[in-house]
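In: Provide a 3D model corresponding to the input given below.
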Amino acid sequence: MPMSQTIPEPGSNAGKTPILAAVVPCYREVDHVLGVLDGIGPEVGHIFVVDDACPDGTGRHVRDHCKDGRVSVVTHERNEGVGGATLSGYRAAVEAGADIIVKLDGDGQMDPKLIPALVSPIACGKADYAKGNRFHDLDGLKGMPATRIFGNLVLSFLSKMSSGYWNLFDPTNGFTAIHAKVARQLLKERISKGYFFESDMLFRLNLLGAVVADVPMEARYGAEKSGLRIHRAILEFAAKHWLNAVKRIFYSYYLRDFGAASVELLLGVVLVVFGGVFGALEWYQSTTSGIPATAGTVILAALPIILGTQFLIAFINFDTRNIPKSPLHPGL
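Out: The predicted structure follows:
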């Protein structure tokens with residue numbers, strides 16, 4: 001960054017071209033990172049490469065071979081995961097006065113030419129956070145392995161449930177952009193620092209009431225290897241998504257507010273549990289005694305389940321429409 005350049009506070013240059021910063025978290029990316037940096041266009045004012053304690057010395061490699069004056073290297077003494085590396089980049093970008101912060105991985109799977117399209121919803125005041133969606137164009141999925149397609153389908157549904165953003169897809173996509181003021185707020189949160197980072201970000205963003213936009217992008221896969229193992233991630237992510245879903249529903253429908261949807265969920269759970277437990281006990285007693293259950297007993301077990309299911313469907317219908325629609329910050 002030229003020493004003569006004045007660094008404003010985030011959002012202070014309203015009406016002018018917003019200051020963009022790119023964060024590139026790296027771990028074993030010596031073979032790809034220089035190509036990624038070369039592809040970042042002049043619309044980006046600052047580039048922060050975060051060496052997450054790389055055993056191959058990615059940060060040192062960038063310092064030795066990259067002559068781009070926009071590039072700064074942040075080095076971790078110990079590995080903190082992709083989430084920890086991204087948060088370190090966010091801090092550096094906020095301190096540098098960025099208005100919008102873009103995050104792209106150092107493995108070359110994300111096309112830097114798409115940065116203007118990615119930041120557009122934020123710059124125009126339509127969103128606080130934007131992320132790539134590799135599933136928008138089915139023709140663009142030809143290069144994606146079948147296991148990743150299946151894994152992303154499962155993880156996308158779990159993420160919708162936990163984050164509350166039922167309109168989004170491809171939650172593990174790491175090509176993202178965020179308003180600097182929102183990033184400043186998130187830096188105070190205890191966000192997961194591993195591969196669950198992107199999904200946990202959506203959960204935190206929903207609690208803030210941030211508007212999130214999906215931006216179509218093409219899936220790019222080459223010789224690089226991902227450290228994420230889908231078969232392991234689904235089980236681990238499922239548990240974390242379930243925990244986030246419970247927290248989100250409690251915060252949104254019982255702690256911060258209490259309305260018709262809150263009653264529907266409560267009655268739905270109580271009725272379904274009662275009907276299921278009562279029905280199971282009566283069925284067990286009937287099979288062990290050999291005495292058939294009466295029609296009244298069957299109705300007493302089935303009716304709560306039917307009514308409870310209707311209440312739960314009504315709650316889900318409300319929740320799918322209860323998505324933040326007003327951005328936290330105006331356009332830049």
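In: wouldn't residue 135 be in contact with residue 169 here?
Out: Yes - using C-beta atoms under 8 Å, residue 135 is in contact with residue 169, at 5.3 Å. Backbone N, C-alpha and C define where each C-beta goes, glycine included.
In: shared neighbours of these two, anything?
Out: residue 156 (C-beta atoms under 8 Å, 6 or more residues apart in numbering).
In: can you tell me the average pLDDT over the longest helix seen in the chain?
Out: The residue-count maximum for a helix in the chain (DSSP state H) belongs to helix 260-289. Throughout helix 260-289, pLDDT has a mean value of 95.
In: Give the buried residues for it.
Out: For helix 260-289, a neighbour-count test (16 or more other C-beta atoms under 10 Å) marks 261-262, 264-265, 267-268, 271-272, 275, 278-279, 282 as buried.
In: Switch those over to a markdown table; also include distance to residue 216.
Out: Output for the buried residues of helix 260-289, formatted as a markdown table (distance: C-beta to C-beta, whole Å):
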| residue | distance to residue 216 |
| --- | --- |
| 261 | 32 |
| 262 | 36 |
| 264 | 35 |
| 265 | 34 |
| 267 | 40 |
| 268 | 36 |
| 271 | 42 |
| 272 | 39 |
| 275 | 44 |
| 278 | 49 |
| 279 | 47 |
| 282 | 53 |
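In: out of the residues you listed, which one sits closest to residue 117?
Out: Nearest to residue 117 out of these is residue 261 (C-beta to C-beta; 35.2 Å).
In: any idea how far residue 206 is from the closest one?
Out: 15 Å (C-beta to C-beta, to the nearest Å).
In: With residue 78 instead?
Out: Per C-beta to C-beta, residue 78 is found 31 Å from residue 206.
In: Compare those two and say which one has the larger neighbour count.
Out: residue 206 (21 against 7; other C-beta atoms under 10 Å).
In: correct me, but the more buried one touches residue 164?
Out: Yes - at 4.4 Å, residue 206 and residue 164 qualify as touching, with contact defined as C-beta under 8 Å.
In: overlap in contacts of the two?
Out: 248, 252.
In: where do the helices sit along the stretch 101-250 of the chain?
Out: Here the stretch 101-250 of the chain has its helices, by DSSP state H, counting those that start in this stretch, at 115-123, 146-163, 180-186, 197-208, 230-250.
In: what comes into contact with the fourth one?
Out: Applying C-beta under 8 Å, 6+ apart, the external contacts of helix 197-208 come out as 81-83, 86, 128-129, 131, 155, 159, 162-165, 168, 171-174, 176, 182, 185-186, 189, 191-192, 212, 237, 240-241, 244, 247-248, 251-252, 324, 328.
In: cool, the longest one as well?
Out: With contacts defined as C-beta under 8 Å, 6+ apart, helix 230-250 is touched by 147-148, 150-151, 154-155, 158-159, 161-164, 192, 195-196, 199-200, 203, 206-207, 265, 319.
In: Can you go through these and name the buried ones?
Out: Counted by 16+ other C-beta under 10 Å, the contacts of helix 230-250 give 148, 151, 155, 158-159, 161-164, 192, 195-196, 199-200, 203, 206-207, 265, 319 as buried.
In: Need the pLDDT of residue 20.
Out: With respect to pLDDT, residue 20 scores 97.
In: In contact with residue 66, which residues are there?
Out: Per C-beta under 8 Å, 6+ apart, neighbours of residue 66: 34, 37.
In: related to what we said a few turns ago, what would the helices of the stretch 101-250 of the chain look like in CSV with mean pLDDT and distance to residue 256?
Out: Output for the helices of the stretch 101-250 of the chain, formatted as CSV (pLDDT from 0 to 100; distance: least, C-beta to C-beta, whole Å):
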stretch, mean pLDDT, distance to residue 256
helix 115-123, 96, 25
helix 146-163, 84, 16
helix 180-186, 95, 17
helix 197-208, 95, 9
helix 230-250, 86, 9
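In: May I see these organised as CSV, with distance to residue 287 added?
Out: Shown next, in CSV, are the helices of the stretch 101-250 of the chain (distance: least, C-beta to C-beta, whole Å):
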stretch, distance to residue 287
helix 115-123, 59
helix 146-163, 35
helix 180-186, 54
helix 197-208, 43
helix 230-250, 33
